[in-house]
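[1] Task: produce atomic coordinates for the following.
(one chain, ligands or ions: 2)
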Amino acid sequence: MAHGKFTKGIVKRPSWHISDNEVTPQAVFSSRRKIIKTLGLGSIAASLPGYVQAGIFDLFGEDKPDFVTSKLTFTANQAFQASDEKTPYSKVIRHNNFYEFGTGKQDPYVNAQQFKVNPWQLNITGMVDKPVQLDYDALFSQLPLEQRTYRFRCVEAWSMVIPWVGFPLASLLKLAGVQSSAKYVAFETLFDPEQMPGQRNRLMGGGIHYPYVEGLRLDEAMNELAFVAVGLYDQTLSPQSGAPVRIVLPWKYGFKSIKSIVNIRLLDKQPPTSWNQLAAHEYGFYANVNPQVDHPRWSQASERLIGAGGLLSAQRIDTQMFNGYGEQVADLYRGMDLRKFY
Ligand SMILES: Nc1nc2c(c(=O)[nH]1)N[C@H]1C(S)=C(S)[C@@H](COP(=O)(O)O)O[C@H]1N2
Ligand SMILES: [Mo]
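    Numbering: from 1, shown residues only. Ligands and ions are numbered 1, 2, ... in the order given. Below you'll find the model as predicted:
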């Protein structure tokens, strides 16, 4: 991989380096993936409770992805370091939602390893003074990289604590010069059915109309918490986590944090969003974490924190309003009925 100047003295490590007790040759991993595919284990895993899913790969021993990540250089932003214990890297990359690679929690880990993230192009267009194109290297060199540890809460009532590496979304938008007529920001994931099996197969893709799209009000996008991630822990992102570039919005349900983005557009109208299009009564445009507004099919009052413990040790904790980030974001929603704008 050709990186920008930040990567001087780069140390390349496979993305599983944190648990590199034994090395499985790629051929073995690939054959395991074939076994898993042949058995249809991805879809079996999807139907199992989360704590069983988390251990499904134990059936095959310690499995090894073949995607190679690279070490990043960054500064830790002390203003954004959740005090909570971090979710181990091995779990962050093995329990994912990325329906382009299947709907099971292990499907992205299994199916995304060959995903090509370089070359890449991220375009910022629409109501801007000068459209911006960032190629792969520019994603890592255009803006100073910082690390922020955020709580991350999926609408399915599980959560993690993840140290992301990236830059504020506001800094990126400022590169393009947002015009005063712009009121919303729309995001779009890569559309590449050849690489993303969920985009070829409606069942595998969970019925989503691809490309996956998301959006924010401009003031939400400019909030200091809104983040663009190009890495997690100290590595570039693995495909299953949204390589090479994704959005992270810690006060909103995880589906707003769109992965592997290629387009950002500044608009004067609220853009459509994928989960809202799929089931509008269940998933709103705002999707702020709110323990008082239940999902029609389950409670949002608590969540299963995927932490450092073993198979059965996931903790159940109370869910906090705005996922605990009310100090930073509550003002954005003053006077709004958050039951109506869920
Ligand atoms: N393009 C795209 N982005 C996506 C998704 C997806 O299926 N496709 N899933 C979303 C959901 S539901 C969640 S919870 C988070 C999961 O992020 P993680 O796998 O890094 O924890 O990604 C979000 N971004
Ligand atoms: Mo989610």
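[2] Which residue does the stretch 201-342 of the chain have closest to ligand 2?
    In the stretch 201-342 of the chain, the residue that lies nearest ligand 2 is G254 (3.6 Å; Cβ to the ion). No exception for glycine: its C-beta is placed from N, CA and C like everyone else's.
[3] For the closest residue to P65 other than its chain neighbours, what is the enclosing helix or strand?
    Leaving aside its chain neighbours, P65 sits nearest to Q113 (5.0 Å; criterion: Cβ to Cβ, 6 or more residues apart in numbering). Per DSSP states H and E: Q113 is located in neither a helix nor a strand.
[4] what about Q113, neighbour count?
    Applying other Cβ atoms under 10 Å, we find 21 residues neighbouring Q113.
[5] what do you get for T75?
    10.
[6] looking at the sheet around it, what are its partners?
    E146 (DSSP bridges).
[7] Contact partners for it?
    Applying Cβ atoms under 8 Å, 6 or more residues apart in numbering, one finds that T75 lies in contact with P144, L145, E146, Q147.
[8] Most proximal residue of this structure with respect to ligand 1?
    Relative to ligand 1, the nearest point of the chain is G254 (2.5 Å; Cβ to the nearest ligand atom).
[9] and stretch 314-334, anywhere near ligand 2?
    No. Judged by Cβ under 5 Å from the ion, stretch 314-334 makes no contact with ligand 2; its nearest approach is 12.7 Å.
[10] pLDDT value on the residue nearest to P65, please?
    As predicted, Q113 sits at a pLDDT of 95.
[11] Quick check: it vs ligand 2, distance?
    Per Cβ to the ion, to the nearest Å, Q113 is found 21 Å from ligand 2.
[12] That residue touches T69, doesn't it?
    No. Counting by Cβ atoms under 8 Å, Q113 sits too far from T69 to count as a contact (11.4 Å).
[13] For this protein, what lies in contact range of ligand 1?
    96-100, 154, 189, 212, 241, 254-255, 257-260 (Cβ under 6 Å from any ligand atom).
[14] Contacts only, for the residue of the stretch 201-342 of the chain closest to ligand 2.
    N97, F152, R153, C154, V155.
[15] Just those residues: which are in strands?
    Under the assignment DSSP state E, the contacts of G254 contribute F152, R153 to strands.
[16] Can you convert the contacts of G254 into CSV and add a column each for neighbour count?
    CSV is the format used below for the contacts of G254 (neighbours: other Cβ atoms under 10 Å):
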residue, neighbour count
N97, 21
F152, 24
R153, 25
C154, 18
V155, 19
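[17] Can you tell me which of the contacts of G254 is nearest V128?
    Comparing the contacts of G254 against V128 with Cβ to Cβ places F152 closest, at 28.9 Å.
[18] out of everything not next to it in sequence, what's closest to that closest one?
    Computed as Cβ to Cβ, 6+ apart, the closest residue to F152 that is not its neighbour in sequence is M160, at 4.9 Å.
[19] Look up how far K256 lies from the residue nearest to P65.
    From Q113 over to K256 the distance is 26 Å, taken as Cβ to Cβ, to the nearest Å.
[20] ok, now D107?
    With Cβ to Cβ as the criterion, D107 and K256 are 21 Å apart.
[21] Phi, psi for the residue in the stretch 1-150 of the chain that ligand 2 sits nearest to please.
    Per Cβ to the ion, N97 is where the stretch 1-150 of the chain lies closest to ligand 2, at 4.7 Å. Per-residue torsions, N97: phi -110, psi 120 (degrees, to the nearest 10).
[22] what's the answer for V128, then?
    phi -130, psi 160.
[23] Tell me which residues touch the closest residue to it other than its chain neighbours, please.
    The shortest distance from V128 to any non-neighbouring residue, by Cβ to Cβ, 6+ apart, is to A176 (3.9 Å). Residues in contact with A176, defined by Cβ under 8 Å, 6+ apart, are I124, V128, D129, K130, P131, V132, L266.
[24] ok, now S241?
    Neighbours of S241 in contact, by Cβ under 8 Å, 6+ apart: V92, I93, N96, L232, K259.
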